[in-house]
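In: Got a predicted structure here, sequence first:
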Amino acid sequence: MREFIRLQLKLKWGLNRNNNKASAAMTAIAALLAVAIALALVWTLSFVLKVSIEVTAKRLSVLYLTLIAAGLTVAATGMQVKRLYRPGDLLITARFPLSPFKLFVSYLILNYIDLAIYSAVFFLPVMLVFGFAMGCITAPYIAGLLLGALLLPAVPFALSIFIAVPVVYISSFFERHGIAGLIVFILFLMGAFTLYYYILNVLANFFIHRNWDEGTLEIWSKLLAALDSYYNPAYYLSNVIFFERFALGFGVWLGAGVILTAGGAALARTVCGSFRRRALDGGNGVRERRSSLDGYTSTRAIFRFGFQEILRTKTYSYFYLGIALSTPVMVFFCNRLVAMVGEAQVGAGVNFGASMLVVAVFMAMICSFTGTVLSVEGKNFYITKLVPVSYRKQLLAKGLLNIGVSAVALFISAAVMGGLQFIGAADMAVLIVTQLLLSAGLVFNGVNLNLANPNLKPKANGEAEEINITYMLMIGLAVAAVLGACSLIFPKLPQGGIVAAYLIAVAVAFVYAAVNILVFWFTADRKYAKIEV
């Protein structure tokens, strides 16, 4: 059992687990950027609350501890589901010289070790930044943080064992009813984004007007008071970190973790055994059926198959199609926030630039998944070389499908902004033309990138987990920044500045699209022919 655990840890955390240095570097950069943004938000919110409502460091710490514990619980639940109930290596591990019980315990230990690593990586930076913002960095506080980092995984891990049982049944339902799962994800995404917008809006209002209204202050005061209570598990961990009522905090947190882990493990072992036996038996089997693509023209069949592929692949349907469908709501909130800050700092008339920047960012997010149009085929890639359709035509159809998805999100977003009179008719026309060109450029840039780096290695459950998405997201954000800067700066120039902004925005998007389309048109067949599974 010890060797099995060591092997699994080496596969996940070993230095040689990823031979693609560029991929590892890009992943590290993206992770550091996300962490930097989160830490900046933590410092800003802590400073603002300290100044506005004179909250104590201990009381405010409970807010962050609650959020961190909740995030770790969600992450741990995903680990439990993936390793205990839906392992990708079930057929291999079933032949290991380990009893089912030892294998079960091994996976629990692996999940706890992974969670402890994630816990330390997120907990220590957040609480150190919080400590600097609150001015409470002392030797006892540092000691409390180190002890808290050791204790923190106990309760999230214990809760995740219980939560994973209903989650695995619910996820099975959503796998059979993919549209229902997509709707729930979109609602969750919009809710999370609305909450994030609210926090940013509160902070922006504070820094613009240098104060908060009484209603906002009262809401935050009540929220912090409610969290800092016996009913919140994070309250006890806060006692440990600040050495206040230390024995109570230490005993309740650790005791709850041990007791819940024991009870959850007993329940999970029964459910886990049932799921594994069912998976090894082959489930319900597969029945033959007539293809839904029979009688279709080649182009229509590729379009339909591509859309079905989006719905059947979780990464695509949730983070690609989900983002596309929720983009209008998020664009509305982002526009309001960017325009409010822009008007305060630059003056009126920034709505066009704000809209161009925000919509371009979301187009980049939607189109970044085109970096996997080939990779998602995986081991079935050879089939695309056997069908009687030219390589360029196959890729063109997939590219047009992706442009169509982004265009739907764009037109709805433009209709929302126009209906609310956020931008005028001329602004809307230029925005739509520019963003359509940008979308085409991003899509075929992604196709060209995937042709150069096909990455056809088998992936778990057919998911598109690769670095090309990160590459495309960074490229898209860079182009969006250029478009946004031009659209924000040039309207402020005298004598026809808005016309110059229109022309430059369209020109930048046109050149970007033209270059990528031409590269695709003249190199796609040759590059595709060289790719082998």
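Out: Perfect, thanks for sending it. Remember, predicted model here, so these are calculated numbers, not experimental data.
In: Spatially nearest residue to residue 132 (excluding sequence neighbours)?
Out: Leaving aside its sequence neighbours, residue 132 sits nearest to residue 43 (Cβ to Cβ, 6 or more residues apart in numbering; 7.1 Å). Where you see a C-beta, it was placed from the backbone N, CA and C, and this is true even at glycine.
In: Next one: the one you found from residue 440, what distance?
Out: Per Cβ to Cβ, to the nearest Å, residue 43 is found 40 Å from residue 440.
In: Residue 483 now?
Out: 14 Å.
In: Neighbour count: the two, which is higher?
Out: When neighbours are counted by other Cβ atoms under 10 Å, residue 483 and residue 440 differ, and residue 483 comes out ahead with 27 against 24.
In: OK, contacts around the more buried one?
Out: Residue 483 makes contact with 356, 357, 360, 434, 438, 505, 508, 509, according to Cβ atoms under 8 Å, 6 or more residues apart in numbering.
In: hmm, 6 Å instead?
Out: Neighbouring residues of residue 483 by Cβ atoms under 6 Å, 6 or more residues apart in numbering: 356, 360, 505, 508.
In: ditto for residue 269
Out: residue 104.
In: try it again with 8 Å
Out: 101, 104.
In: Output the below-cut-off pLDDT ranges for the stretch 151-300 of the chain.
Out: Along the stretch 151-300 of the chain, segments meeting pLDDT under 70 span 175-178, 181-182, 196-197, 199-216, 273-299.
In: Please read the previous query as pertaining to the stretch 1-150 of the chain.
Out: 1, 3-4, 7-8, 11-28, 30-31, 86-100.
In: give me that answer again for 50
Out: 17-19 (pLDDT under 50).
In: Do a quick rundown of the strands in it.
Out: Counting by DSSP state E, counting those that start in this stretch, no segments of the stretch 1-150 of the chain form strands.
In: Please enumerate the helices of it.
Out: Secondary structure of the stretch 1-150 of the chain (DSSP state H, counting those that start in this stretch): helices located at 2-13, 21-53, 57-80, 90-93, 100-134, 139-151.
In: looking at the ones you listed, which is closest to residue 233?
Out: Checking the helices of the stretch 1-150 of the chain against residue 233 by Cβ to Cβ gives helix 57-80 as the closest, at 6.8 Å.
In: picking that back up, ok, so of the contacts of residue 483, who is nearest residue 399?
Out: The nearest member of the contacts of residue 483 to residue 399, counting by Cβ to Cβ, is residue 360 at 18.8 Å.
In: Okay, and the closest one sits in which element?
Out: Element membership for residue 360, per DSSP states H and E: helix 351-367.
In: Next secondary structure after that helix?
Out: Using DSSP H and E, the helix or strand that follows helix 351-367 in sequence is helix 381-386.
In: list the buried ones in that next one?
Out: Buried residues in helix 381-386, counted by 16 or more other Cβ atoms under 10 Å: 381, 384.
In: For that helix, the averaged confidence score.
Out: For helix 381-386, the mean per-residue pLDDT is 74.
In: Just confirm residue 250 contacts residue 241, I think it does.
Out: No. Look at residue 250 against residue 241 with Cβ atoms under 8 Å: they stay out of range, at 10.6 Å.
In: Looking at these two now, which is surrounded by more residues?
Out: residue 241 (28 against 17).
In: can you tell me which residues contact that one?
Out: Neighbouring residues of residue 241 by Cβ under 8 Å, 6+ apart: 61, 65, 127, 141, 144, 145, 147, 148.
In: between these, which is closest to residue 488?
Out: Using Cβ to Cβ, the contacts of residue 241 come closest to residue 488 at residue 127, 36.4 Å.
In: doesn't residue 148 make contact with the closest one?
Out: Yes. Residue 127 is in contact with residue 148 according to Cβ under 8 Å; the separation is 7.4 Å.
In: count of neighbours near the nearest residue to residue 113 once chain neighbours are set aside?
Out: Counting by Cβ to Cβ, 6+ apart, the nearest residue to residue 113 once its immediate chain neighbours are dropped is residue 9, at 6.7 Å. For residue 9, the neighbour count with other Cβ under 10 Å is 15.
In: In the host helix or strand of residue 269, which residues are buried?
Out: Here residue 269, judged by DSSP H and E, is contained in helix 246-280. Within helix 246-280, the residues that qualify as buried are 249-250, 252-254, 256-257, 260-261, 264-265, 268-269, 271-272, 275-276, counting by 16+ other Cβ under 10 Å.
In: Distance check, residue 351 against residue 145.
Out: From residue 351 across to residue 145, the span is 44 Å (Cβ to Cβ).
In: With residue 168 instead?
Out: According to Cβ to Cβ, residue 168 stands 34 Å off from residue 145.
In: need the contact list for residue 373.
Out: 395, 398, 399, 402, 446, 447, 450.
In: let me redo that: residue 529
Out: Taking Cβ under 8 Å, 6+ apart as the test, what residue 529 contacts is residue 391.
In: swap in residue 111?
Out: Contacts of residue 111 (Cβ under 8 Å, 6+ apart): 76, 79, 80, 83, 157, 160.
In: Tell me which two in those are the farthest apart.
Out: Going by Cβ to Cβ, the pair spanning the contacts of residue 111 furthest: 83 and 157, at 12.7 Å.
In: Quick check: residue 394 touching residue 386?
Out: No. In this structure residue 394 lies outside contact range of residue 386 using Cβ under 8 Å: 11.4 Å.
In: What residues sit buried inside stretch 110-125?
Out: Buried residues in stretch 110-125 (16+ other Cβ under 10 Å): 110, 111, 112, 113, 114, 115, 116, 118, 119, 122, 123, 124.
In: should've said stretch 390-401
Out: 391, 392, 394, 395, 396, 397, 398, 399, 400, 401.
In: Among those, which lie within helices?
Out: Per DSSP state H, helices hold the following members of the buried residues of stretch 390-401: 391, 392, 394, 395, 396, 397, 398, 399, 400, 401.
In: follow-up on the earlier one: kindly reformat the buried residues of stretch 390-401 as a markdown table and extend each row with distance to residue 164 and pLDDT.
Out: Shown next, in a markdown table, are those (distance: Cβ to Cβ, whole Å; pLDDT from 0 to 100):
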| residue | distance to residue 164 | pLDDT |
| --- | --- | --- |
| 391 | 43 | 83 |
| 392 | 46 | 86 |
| 394 | 40 | 85 |
| 395 | 40 | 88 |
| 396 | 43 | 88 |
| 397 | 40 | 85 |
| 398 | 36 | 86 |
| 399 | 39 | 88 |
| 400 | 41 | 88 |
| 401 | 35 | 85 |
